[in-house]
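K.L.:
the following block contains a protein sequence and its predicted model.
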Amino acid sequence: MKPDKRAHVAVLLAAYNGMAFIEQQMKSILHQEVVVVTIFISVDLSSDSTYEWCKQLEEANENVTVLEYGERFGGAAKNFYRLIKDVEFSEFDYVSFADQDDIWSLDKLSHGINKMEVANAEAYSASVIAFWEDGREKLIDKSQPQKQYDYLLEAAGPGCTYIFTNEAASLIKGYLNSFPGLNDFVLHDWLSYALLRHNHFLWFIDPEPKMYYRQHDSNQVGANSSFIGMVHRVKFIISGQAFESIALLVKSLDISSVELSSRKGLFLFALQARQLRRRRADQLFAFIALCYLAIKGSKAILSKRYWSVGTKG
């Protein structure tokens, strides 16, 4: 039993060229209320002084650990996969993701954990307030009702809102270690949501935002709440990369009820569009995109090469 009865949270923070914003974000994490926070930072090979700044922060704070530096991950997903696999979080009650450039409310973690306990949930995500440097702000609501197979086409919201119980985070770690192909999955928040939903972990999506989600030119994935954002998601679905990600999930999770290696299978999948996205508009766009794939899909998309990925190593 820990001497401090407050929840102990391992915060996994992926950083890259973050000097413009990381200090403000780090302050909002270090000052979280009612919980005991330990921050683990993985810095992708950067051209600024992000790593040196993080090392100075580590020297000044016993609850900050910076992982070994020098590897080029090339994107947030692989950086987070490194954190999940390399951080020993078995003694923590909860595990949380963090980006380098957001701003957390001081009760972000305690509020989320309380919601999880009330709902008996094992994973948590939330709506956010997107904000821009020109002062604009917008609520991004992610709390629409979950659907049977929404995890095959979308995440539960921005990964920077995610909180997991130790058991849930350990399951994600286990999959990444057992299925090497998953370490190339395009988005860590989408993968985490898929793994836990498929394994019947209860996921709570909170309509109440507890963080400011910074929007700027270097965002790898932004708010995408407009019509243009919806069009972007359609293009993503019909791209080879997105289809490969879906196929990887179906294969790795052994989802026998979904068959995507033929045009007939794609059409049947498209007919389930109401169970593939949470927002109604996104359901329509998913239906259109999947029908396009079924009608115009290239031989590469329908080939068996997608169905050989994701096997255990």
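P.N.:
Here it is on my side, so go on. Only a predicted model underlies this, so the values are computations on that prediction, with no experimental measurement involved.
K.L.:
how much space separates the residue positioned nearest the centre of the chain from residue 270?
P.N.:
With distances taken as CA atoms, centre = their mean, the residue of the chain nearest its centroid is residue 189 (1.3 Å). When distance is defined by CB to CB, to the nearest Å, residue 189 is 24 Å away from residue 270. C-betas here are computed from N, CA, C, even on glycine.
K.L.:
and if you look at residue 94?
P.N.:
Going from residue 94 to residue 270 by CB to CB gives 38 Å.
K.L.:
between those two, who's got more neighbours?
P.N.:
residue 94 (23 against 18; other CB atoms under 10 Å).
K.L.:
the closest residue to the more buried one other than its chain neighbours pairs with what?
P.N.:
Among residues not flanking residue 94 along the chain, residue 9 sits closest, at 4.6 Å (CB to CB, 6 or more residues apart in numbering). When assigned by DSSP bridges, residue 9 has beta-bridge partners residue 37, residue 94.
K.L.:
surely residue 167 meets residue 116?
P.N.:
No: the pair residue 167 and residue 116 fails to qualify as a contact (CB atoms under 8 Å) at a distance of 12.0 Å.
K.L.:
how about the contacts made by the residue nearest to residue 94?
P.N.:
Applying CB atoms under 8 Å, 6 or more residues apart in numbering, we find residue 9 in contact with 32, 35-38, 92-96, 109, 113, 163.
K.L.:
just for this structure, where's the confidence low?
P.N.:
1-3, 217-234, 236-241, 297-313 (pLDDT under 70).
K.L.:
now do the helices in it.
P.N.:
22-30, 50-60, 76-86, 108-119, 166-178, 188-198, 227-238, 240-252, 263-270, 280-296 (DSSP state H).
K.L.:
buried residues, the last one. List them.
P.N.:
Within helix 280-296, the residues that qualify as buried by neighbour count (16 or more other CB atoms under 10 Å) are 282, 283, 285, 286, 287, 289, 290, 291, 293, 294.
K.L.:
show me the contacts for residue 127.
P.N.:
Neighbours of residue 127 in contact, by CB under 8 Å, 6+ apart: 139, 140, 141, 142, 143, 157, 161, 205, 206, 207, 208, 209.
K.L.:
buried ones among these?
P.N.:
Buried residues within the contacts of residue 127, counting neighbours by 16+ other CB under 10 Å: 140, 142, 143, 157, 161, 205, 206, 209.
K.L.:
about what we covered before: wait, the residue nearest to the centre of the chain touches residue 164, no?
P.N.:
No: the criterion here is CB under 8 Å, and residue 189 misses it with residue 164 at 11.6 Å.
K.L.:
any chance of a markdown table for the helices of the chain, columns distance to residue 68?
P.N.:
Output for the helices of the chain, formatted as a markdown table (distance: least, CB to CB, whole Å):
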| stretch | distance to residue 68 |
| --- | --- |
| helix 22-30 | 19 |
| helix 50-60 | 10 |
| helix 76-86 | 8 |
| helix 108-119 | 26 |
| helix 166-178 | 18 |
| helix 188-198 | 20 |
| helix 227-238 | 33 |
| helix 240-252 | 28 |
| helix 263-270 | 42 |
| helix 280-296 | 40 |
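K.L.:
and residue 150, which of the ones you listed is closest to it?
P.N.:
Closest approach to residue 150 among the helices of the chain is made by helix 188-198 (7.8 Å; CB to CB).
K.L.:
now residue 47: how far from residue 18?
P.N.:
On the measure of CB to CB, residue 47 and residue 18 end up 11 Å apart.
K.L.:
looking at the two, which is more packed in?
P.N.:
Between residue 47 and residue 18, counted using other CB under 10 Å, residue 18 has the larger neighbour count: 26 against 7.
K.L.:
these two touch, right, the more buried one and residue 101?
P.N.:
Yes: Residue 18 is within contact range of residue 101, at 6.5 Å (criterion: CB under 8 Å).
K.L.:
just give the nearest non-adjacent residue to the residue nearest to the centre of the chain, would you?
P.N.:
Of all residues not flanking residue 189 in the chain, residue 159 sits nearest, at 3.0 Å (CB to CB, 6+ apart).
K.L.:
is it correct that the one you found is in contact with residue 97?
P.N.:
Yes: the pair residue 159 and residue 97 qualifies as a contact (CB under 8 Å) at a distance of 4.8 Å.
K.L.:
for those two, list the residues in contact with both.
P.N.:
Common contact partners of residue 159 and residue 97 (CB under 8 Å, 6+ apart): 80, 188, 189.
K.L.:
so who does the last one touch?
P.N.:
By that I understand residue 189. Counted by CB under 8 Å, 6+ apart, residue 189 has contacts 97, 125, 155, 156, 157, 158, 159, 162.
K.L.:
how many residues are close by the second one?
P.N.:
Around residue 125 sit 25 other residues, with neighbours defined as other CB under 10 Å.
K.L.:
how near is it to residue 4?
P.N.:
26 Å.
K.L.:
cool, and the fourth one?
P.N.:
For residue 156, the distance to residue 4 equals 30 Å [CB to CB].
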